[in-house]
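Q: Next one to model:
(2 chains)
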2 protein chains.
Amino acid sequence: MTTDTTQDEKYIRRAVELATANVTTKAGGPFGCVIVKDGTVLAEGENRVTGTSDPTAHAEIVAIRRACGRLGTHQLDGAVLYSSTLPCPMCLAAIYWARPERVVYACTAEDAAAAGFDDALIYDELAKPMAQRQIPMSQLLRDEGLASFELWKRSLERVHY
Amino acid sequence: MTTDTTQDEKYIRRAVELATANVTTKAGGPFGCVIVKDGTVLAEGENRVTGTSDPTAHAEIVAIRRACGRLGTHQLDGAVLYSSTLPCPMCLAAIYWARPERVVYACTAEDAAAAGFDDALIYDELAKPMAQRQIPMSQLLRDEGLASFELWKRSLERVHY
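A: Reported below is the predicted structural model:
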């Protein structure tokens, strides 16, 4: 067993511990996340959807916001994100925006679905052409919208991300 | 022109206005969002990624969090979400978790990509099999992770979402 695997096991166990504790304390759903960089835990997160009336408060989002807040940057270069369950599409895309080095997870989207969570449904929906999705999406006034991008491209002081 | 279209144009123009103002004030990227229910604006949101060191602070996420906070629930039944650009995968999945009635947008993912934003890349990545994605993801200790879900399923006081 390599040191990496030992470390990975330690932190994924902590993510699962947070998930279990969240159910015990009735704070939210059974999901936990730990973000580690250079052997230091940058942040932990637990699901807080119902407790805070925030559908975006998944464990990974909570942990990413805390870790970035601590680092004072919107990027997580070189960090490893440990999640008790495969990140849902929202969290997976958030991971792409934050760009940690890699992700380790324990349970699957199917495991979450079996417990009543819609992760698998949303993965399916995102894979469909827009016209076939359950929530209708329509386009309007693109020409007017493009003006914001034109202004952005001309802005010399923009901070890219 | 139906009243709906008039209303849709009014609110998508407001979303674009927020996007443009965000560039002018240098507060963040060129993205704005308005959430409306029963003819009332529940919340507005602007991109705050760089300003708050929060990679999840896209206009739609900011608006969803504000709207849900105002309603005191993690669901947006019957609401319409207006975004200056097609929601990125993170925001689209957040929309599925919040479940508004429909979405209206102005610019496309390609428009965002042309201005330097990775929306299109992330859409491509999510469509790939996990093993082919840029950020490596590995599974570990699923059996231990399942214990959290078992506890959740046995919990009588859980709040489903």
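Q: need the helix or strand of chain A with the lowest average pLDDT.
A: Ranking every helix and strand in chain A by mean pLDDT, DSSP states H and E puts helix A:119-127 at the bottom, with a mean of 89.
Q: Need the residues that contact that helix.
A: The list of residues contacting helix A:119-127 from outside it, by CB atoms under 8 Å, 6 or more residues apart in numbering or on different chains, reads A:85-86, A:88-90, A:109-110, A:112-113, A:133-135, B:89, B:92-93, B:96-97, B:126-127. Quick note: C-beta positions are derived from backbone N, CA and C, even for glycine.
Q: Could I get the buried residue list for it?
A: Using 16 or more other CB atoms under 10 Å in any protein chain shown as the burial criterion, the residues of helix A:119-127 that qualify are A:119-120, A:122-123, A:125-126.
Q: can you check stretch A:68-77 too?
A: For stretch A:68-77, the neighbour count (16+ other CB under 10 Å) marks A:68, A:71, A:73-74, A:76 as buried.
Q: The least confident helix or strand of chain A: what's the following helix or strand?
A: strand A:137-139 (DSSP states H and E).
Q: how distant is the helix or strand following that following strand from the center of its chain?
A: Next helix or strand after strand A:137-139 toward the C-terminus (DSSP H and E): helix A:142-154. In terms of CA atoms, centre = their mean, to the nearest Å, the centre of helix A:142-154 is found 29 Å from the chain centre.
Q: Helix A:142-154 packs against which elements?
A: Packed against helix A:142-154 by the contact rule (3 or more CB pairs under 8 Å, 6 or more residues apart in numbering or on different chains; DSSP states H and E) you find helix B:3-24, strand B:80-85, strand B:102-107, helix B:109-114.
Q: so who does residue A:138 touch?
A: Residue A:138 makes contact with B:8, B:102-105, according to CB under 8 Å, 6+ apart.
Q: Spatially, which residue comes closest to the spatially most central residue of chain A, not counting chain neighbours?
A: When CA atoms, centre = their mean is applied to chain A, the residue found nearest the centroid is residue A:91 (2.4 Å). With CB to CB, 6 or more residues apart in numbering or on different chains as the measure, residue A:60 is the residue that lies nearest to residue A:91, at 3.8 Å, once sequence neighbours are left out.
Q: And residue A:88, by the same measure?
A: Closest residue to residue A:88 apart from its sequence neighbours, by CB to CB, 6+ apart: residue A:119 at 4.3 Å.
Q: State the distance from that neighbour to residue A:85.
A: Residue A:119 is 8 Å from residue A:85, where distance means CB to CB, to the nearest Å.
Q: now do residue A:61
A: In this structure, residue A:61 lies at 13 Å from residue A:85, with CB to CB as the measure.
Q: and what of residue A:145?
A: When residue A:145 is compared with residue A:85 (using CB to CB), they lie 36 Å apart.
Q: still on that earlier bit, please work out which of the helices and strands packed on helix A:142-154 is packed deepest.
A: When the helices and strands packed on helix A:142-154 are scored by mean count of other CB atoms under 10 Å in any protein chain shown, the highest mean neighbour count falls to strand B:80-85 (a mean of 30).
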